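> model the structure of this input:
(one chain, ligands or ions: 1)
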Amino acid sequence: MASEVRQSEQTDDTAGVTHGTSAAGAIHVRNLTKVFDTDEGTETVFEDVSFDIEPGSFVTLIGRSGSGKSTMLNIISGVLEPTEGRVEFEATQDGDVTLGHVFQSPRLLPWNTCVENIEYVHEANPDYTRELAEEYLDLVGLSNHYDKYPSQLSGGQRQRVGITRALSIDPEILVMDEPFSNLDEITAESLREELIEIWQKLGKTVFFVTHDITEAIELSDRILMLGNGEIFDDMSIDLDRPRDVDSEEFLKVRQDAINRFHAIK
Ligand SMILES: Nc1ncnc2c1ncn2[C@@H]1O[C@H](COP(=O)(O)OP(=O)(O)OP(=O)(O)O)[C@@H](O)[C@H]1O
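Okay, the predicted model is just below:
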């Protein structure tokens, strides 16, 4: 049974959502409209948008700058209220849905170590132990960095901590807003590979936002294209994983995606 989203903010970077039962991790976006009121008047970002996301799938929303990708992601995560419509989640048998939010910049607390930055989002979790933080840091290759401060880490390592922190609350759903766009391409590429390995291992539903078509094809089961206030295309990516971005079949899919993307007026 589906359940309407209710956000209880745990930190800037994670949003706890509760309610519902079964098929945990499915997302149902229903007739979403978002209008911003500004000094210059109103701006309708999108109107009457609906789509469904399968539990455990990796779905990416792409669109030009200003098309409303972050707005959509923030409504799904509960950071923003829609003007009209609703988002429903399928919850676990316990009736819970937890959602982890990874931002473009990891937003770590500078006076906290890696472990403490994870501990911070577990303040209300009686089962939290340092071992749990270490286990998640191990997952992203930060075993030798538990007690380092953010200033002692590279940009890629800081983003790894951001991803780890979101994963450490064991969310059914991970929303990621251009998490690799501030990183150099070599680091971004290794993080993409790690993310896919983690996703395959943990089976989370991932809702990912990017403006990078190659990144979207490399990562996703499905790409939603947002433009002119609507989802104008919904493309399944049927390439085997791991994906070779230089392979003939990848380049063919990429060209198809580019053609479809440019079909929007
Ligand atoms: N809080 C706000 N108040 C008013 N307008 C807003 C607000 N947030 C976003 N907008 C407007 O909504 C539109 C969509 O913004 P959004 O950040 O969702 O786009 P985006 O596709 O994520 O862009 P980018 O790829 O550049 O990050 C933009 O025109 C933006 O100016």
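> what does the protein have sitting close to the ligand?
Selection of the chain residues close to the ligand by Cβ under 6 Å from any ligand atom yields 36, 38, 43, 45, 63, 65-71, 211. Just so you know, the C-beta spots here come from the backbone N, C-alpha and C atoms, and that holds for glycine as well.
> which strand or helix spans Leu195?
Using DSSP states H and E, Leu195 maps to helix 185-202.
> and that helix, what does it pack onto?
If you count contacts as 3 or more Cβ pairs under 8 Å, 6 or more residues apart in numbering; DSSP states H and E, helix 185-202 packs onto helix 155-168, helix 213-219.
> circling back: lowest-confidence entry in the residues of the chain next to the ligand?
Ranked by pLDDT, the residues of the chain next to the ligand bottom out at Thr38 (91).
> tell me which of the residues of the chain next to the ligand fall in strands.
36, 38, 43, 45, 63 (DSSP state E).
> the third one reaches Val35, doesn't it?
The reference is to Glu43. Yes: Glu43 is in contact with Val35 according to Cβ atoms under 8 Å; the separation is 6.8 Å.
> one step back: hmm, which of the residues of the chain next to the ligand are the buried ones?
Among the residues of the chain next to the ligand, those scoring as buried are 45, 63, 67-71 (criterion: 16 or more other Cβ atoms under 10 Å).
> which among those residues gets closest to Glu81?
Nearest to Glu81 among those, counting by Cβ to Cβ, is Thr71 at 11.0 Å.
> so how far is stretch 112-120 off the chain centroid?
Distance, stretch centre to chain centre, for stretch 112-120: 21 Å (Cα atoms, centre = their mean, to the nearest Å).
> let's see the pLDDT reported for Leu139.
Leu139 is assigned a predicted lDDT (pLDDT) of 89.
> Ser105 reaches Asn182, doesn't it?
Yes: counting by Cβ under 8 Å, Ser105 touches Asn182, with 6.1 Å between them.
> ok so Arg86 is a strand residue?
Yes: the assignment for Arg86 is a strand, going by DSSP: H, G, I helix; E, B strand; the rest coil.
> so what's it scoring on pLDDT?
Arg86 is given a pLDDT of 97.
> give me the nearest residue to it, chain neighbours excluded.
Arg30 (5.1 Å; Cβ to Cβ, 6 or more residues apart in numbering).
> what residues sit buried inside the stretch of helix or strand the one you found belongs to?
If you go by DSSP H and E, Arg30 is part of strand 27-38. Neighbour-count burial for strand 27-38, counted by 16+ other Cβ under 10 Å, picks out 27-30, 32, 34.
> contact partners of it?
Strand 27-38 is contacted by residues 2, 42-53, 68, 71-72, 75-76, 80, 82-90, 173, 205, 207 when judged by Cβ atoms under 8 Å, 6 or more residues apart in numbering.
> which strands border it, and is each parallel or antiparallel?
Its sheet considered, strand 27-38 pairs with strand 41-53 (antiparallel), strand 84-90 (antiparallel) by DSSP bridges.
> and the closest residue to the ligand within the stretch 101-250 of the chain, what does it touch?
The nearest approach of the stretch 101-250 of the chain to the ligand comes at His211, 5.1 Å away (Cβ to the nearest ligand atom). His211 is in contact with 62-65, 69, 178, 181, counting by Cβ under 8 Å, 6+ apart.
> again, 7 Å this time
Contact analysis of His211 by Cβ atoms under 7 Å, 6 or more residues apart in numbering lists 62-65.
> list just the nearest of the residues you listed to the ligand.
Nearest to the ligand among the contacts of His211, counting by Cβ to the nearest ligand atom, is Ser65 at 3.4 Å.
> for the closest one, give its distance to Thr210.
11 Å (Cβ to Cβ, to the nearest Å).
> same check on Thr164?
Going from Thr164 to Thr210 by Cβ to Cβ gives 20 Å.
> ok, Val45 next?
From Val45 to Thr210 the distance is 18 Å (Cβ to Cβ).
> before we move on, what about Asp246?
The gap separating Asp246 from Thr210 is 19 Å, by Cβ to Cβ.
> over to Asn228?
According to Cβ to Cβ, Asn228 stands 19 Å off from Thr210.
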